[in-house]
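> my questions are about this predicted structure, shown below with the sequence.
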Amino acid sequence: MINTTIAKLALQALLGRRRFFLLLAFPVLLVALVALVTALTDGDAAFDILPGLGYPLVLPLVAILAASSVLGPEVDDGSIVYLLSKPVSRYGVAISKWLVALGATLTAGALPILVASLIAGDSDRAVGMFVGAIVAGTTYSALFLAISAVTRHAVIASLMFVLIWESLLGNLFTGVAWLSIGQWGLRVGHEISDRLPDPANLPYAVLAALVVTLGGVWFAGDRLRSFSLRGED
Amino acid sequence: MSESAPDLGRSGVIHDLGYRHYSGVREGTPAIARTLFVTGLRHAYGLGRSGKSKVMPFLLLGMSLLPAAIVVGVVVLTGLGDLPVSYADYTNQTQLLVSLFAAAQAPVLFSRDLRHRSIVLYLARPLSAPMFALMRWLSLSLALLLFMLVPTLVLFLGALLAELDTGDQVAGLLKALVLQVLLATLVAGITGLISSVSLRRGFAVVGSVMVLIVLTGVVSVVQNIAAFEDADSASVAVGLFSPWSLFAGLADAWDAGVNTPAPVDGAWVPAYALVAVLLVAGCLLGLVARFRKVGSR
């Protein structure tokens, strides 16, 4: 199913000059901020940056950037028709592109969270955070890939999901945790370290993350199967 | 074609097809600029564009109106003596929506003409590149100001109908209005500059979000920690680095109902105002330079 050529092309699109720096800026910013706060304060102030800023904001933003850059530019300039005119399974296209986006999300989103939480101390909690970030990052990248295959306003739509649904409403209504990818990740991370919160329950969180991941990639492939080019709106 | 005889009496006859000449007043640059401004303002809300492009701006506007309506309802029903949130603070509280609106709509005004090279058609008219950039910026600024002002006006009308003290409310509204004008020009400049440099829509949006939301998040974390560690001046100084903390700092100094982690006072107030104005000016210079460059290609 995996097509190495498509994956290679997606990787090139991802590592284009400016995009790469934008992608790099997030982890550098996060680790530098946590290191700075750790050096200047004592107590848990440094770690609080991760559940407050790194995990709910930087990780999904990296996932959005990665997922939209493996698919978005081709849809935007219409060159995706050349890809779709080749006899390659559309699911294969979706999976190959998703794997690249996933790799980027984990490297530039989840790994810095591990590094930053290790800097802040308590390696158990750091590993829990890392596992949570892997689960959430995987699910996010599949969901955002599916959104990119559906609409040209993928970035804004994904941002609204993350910022308004998960962050804004998630902070007001605890019930949103059942439909929030970030909270599922935290729930899985809670199994490793008790110091993370435990919203929802574990089997549900794992199952939901799995369903959204598989469903997202399948849906992206399905959309590519019946893809029609439209003009700018 | 056979060689035509140089008959001076009949020269140009075959070209005169009998069309009427335009003999009215030629309105020149001001009229073009005005039209461009109005079109830009309408496009920022998706008016005059496809139905799909109206969804995002009005969805965001609706979301920022909803809490205002709820607040008014609560004030009227419970008979509170004052609004639970000040006008400036309401804008501050809904900053996520304002930032998203700016990030989503700035590429509409600043990226599309450059991406599709229709900028050369605009600049073929007697309209200079700097003027074009300025008008686009004005459109986005006014669109942003309206986005912030409409919920504020709903609050204000609600307060008047609930017969709260009119003098207080008007003073609060005017303070909020001045701050909103400053914020709108600032945010429009920043997002406009980002969108005119990175032409892919997705990256312009992520770039704007990074400056408006991530940077603001970082600044507020550092501000809170510094204030907690009793380093008040450090906390205030960090506030200079993001548009929203500038807004909050000025509102705090002006007693407009917004509280920053450490009080902004003394020489910090002119510093905040100066940084905000310089940022606007810097963004405008950047925009003008950018459009000069693409216009001359």
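Arrived safely, thanks for sending. Numbering: from 1, shown residues only, chains lettered A, B, ... in the order given.
> what sits closest to the most centrally placed residue in chain A if chain neighbours are left out?
Nearest to the mean C-alpha position of chain A, counting by CA atoms, centre = their mean, stands residue A:63 at 3.0 Å. Nearest residue to residue A:63 in three dimensions, chain neighbours excluded: residue A:140, at 3.8 Å (CB to CB, 6 or more residues apart in numbering or on different chains). Heads up, the C-betas are built off the backbone N, CA and C, glycines and all.
> and that neighbour, how far is that from residue B:99?
To residue B:99, residue A:140 is 20 Å away according to CB to CB, to the nearest Å.
> over to residue B:45?
In terms of CB to CB, residue B:45 sits 17 Å off from residue B:99.
> once you drop chain neighbours, what's closest to residue B:145?
That would be residue B:184: by CB to CB, 6+ apart, it lies 4.1 Å from residue B:145.
> how much space separates the one you found from residue A:161?
The value you get for residue B:184 to residue A:161, if CB to CB is used, is 26 Å.
> residue B:21 now?
With CB to CB as the criterion, residue B:21 and residue A:161 are 58 Å apart.
> looking at it, residue A:141 is touching residue A:101, isn't it?
Yes - the criterion here is CB atoms under 8 Å, and residue A:141 meets it with residue A:101 at 4.6 Å.
> before we move on, the earlier item: ok, residue B:21 and residue A:161, which is more surrounded?
When neighbours are counted by other CB atoms under 10 Å in any protein chain shown, residue B:21 and residue A:161 differ, and residue A:161 comes out ahead with 19 against 5.
> got a list of what the more buried one touches?
A:143, A:147 (CB atoms under 8 Å, 6 or more residues apart in numbering or on different chains).
> can you tell me the SS state at it?
helix (DSSP: H, G, I helix; E, B strand; the rest coil).
> if I look at it, how far off is residue A:47?
26 Å.
> with residue B:79 instead?
44 Å.
> and the two? Which one has more around it.
Between residue B:79 and residue A:47, residue A:47 has the larger neighbour count (other CB under 10 Å), namely 23 against 9.
> so what pLDDT did the residue nearest the centre of chain B get?
The residue lying closest to the centre of chain B (CA atoms, centre = their mean) is residue B:141, at 2.8 Å. Per-residue confidence at residue B:141 stands at 97 (pLDDT).
> just the CA atoms of stretch B:68-80, as CSV, please.
The C-alpha trace of stretch B:68-80 is given here as CSV (Å, rounded to 0.1, in the frame of the first residue of the first chain):
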residue,chain,number,x,y,z
ALA,B,68,-22.3,39.3,24.5
ALA,B,69,-25.9,38.3,24.0
ILE,B,70,-25.6,36.0,27.0
VAL,B,71,-24.0,38.7,29.2
VAL,B,72,-26.8,41.1,28.3
GLY,B,73,-29.4,38.5,29.1
VAL,B,74,-27.8,37.8,32.5
VAL,B,75,-27.6,41.5,33.3
VAL,B,76,-31.2,42.2,32.4
LEU,B,77,-32.6,39.1,34.1
THR,B,78,-30.7,39.3,37.3
GLY,B,79,-30.7,43.1,37.5
LEU,B,80,-26.9,43.5,38.0
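> buried residues, that stretch. List them.
B:68, B:71, B:72, B:75 (16 or more other CB atoms under 10 Å in any protein chain shown).
> make a markdown table from the residues you listed and add pLDDT and distance to chain A to it.
As requested, those are exported to a markdown table (pLDDT from 0 to 100; distance: CB to the nearest CB, whole Å):
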| residue | pLDDT | distance to chain A |
| --- | --- | --- |
| B:68 | 94 | 15 |
| B:71 | 91 | 14 |
| B:72 | 91 | 19 |
| B:75 | 89 | 20 |
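> quick one: which of these sit in helices?
Secondary structure from DSSP state H places B:68, B:71, B:72, B:75 of these in helices.
> quick one: contacts for residue B:43?
Counting by CB under 8 Å, 6+ apart, residue B:43 touches B:49, B:108, B:109, B:139.
> in three-state terms, label residue B:256 for me.
Strictly by three-state DSSP, residue B:256 counts as coil.
> next: the one 3 residues further on.
For residue B:259, the reduced secondary structure class is coil; criterion used: three-state DSSP.
> write out the residues of chain A neighbouring chain B.
Residues of chain A lying close to chain B (CB under 8 Å from any CB of the partner chain) are A:18-19, A:22, A:25-26, A:29, A:33, A:37, A:40-41, A:45, A:49, A:52-53, A:57-58, A:61, A:64-65, A:68-69, A:72-73, A:76, A:152-156, A:159-160, A:163-164, A:167-168, A:232-233.
> could you rerun that using 7 Å?
A:18-19, A:22, A:29, A:33, A:37, A:41, A:45, A:49, A:52-53, A:57, A:61, A:64-65, A:68, A:72-73, A:76, A:153, A:155-156, A:159-160, A:163-164, A:168, A:233 (CB under 7 Å from any CB of the partner chain).
> give me the PyMOL select line for the residues you listed, limited to the buried ones.
Once 16+ other CB under 10 Å is used to decide burial, the buried members of these can be selected in PyMOL as follows:
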select buried, chain A and resi 19+22+29+33+37+45+49+53+57+61+64+65+68+72+73+76+153+155+156+159+160+163+164+168
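> the residues of chain A next to chain B in helices, which ones?
Counting by DSSP H, the residues of chain A next to chain B place A:18-19, A:22, A:29, A:33, A:37, A:45, A:49, A:61, A:64-65, A:68, A:72-73, A:76, A:155-156, A:159 in helices.
> quick one: low-confidence parts of chain A?
By pLDDT under 70, the weakly predicted segments of chain A are A:17, A:229-233.
> burial count for the residue nearest to residue A:63?
Using other CB under 10 Å: residue A:140 sits among 34 other residues.
> I'd say it and residue A:62 touch.
No - counting by CB atoms under 7 Å, residue A:140 stays clear of residue A:62, with 8.7 Å between them.
> name the residues contacting each of the two.
residue A:105 (CB atoms under 7 Å, 6 or more residues apart in numbering or on different chains).
> now name the helix or strand holding residue 82.
Chain wasn't specified; assuming chain A. If you go by DSSP states H and E, residue A:82 is part of helix A:80-84.
> right idea, wrong chain: chain B
Counting by DSSP H and E, residue B:82 is part of no helix or strand.
> angles on the backbone of it, please.
Dihedral pair for residue B:82: phi -150, psi 160, per degrees, to the nearest 10.
> also residue A:197?
Here residue A:197 shows phi and psi, under degrees, to the nearest 10, equal to phi -70, psi 160.
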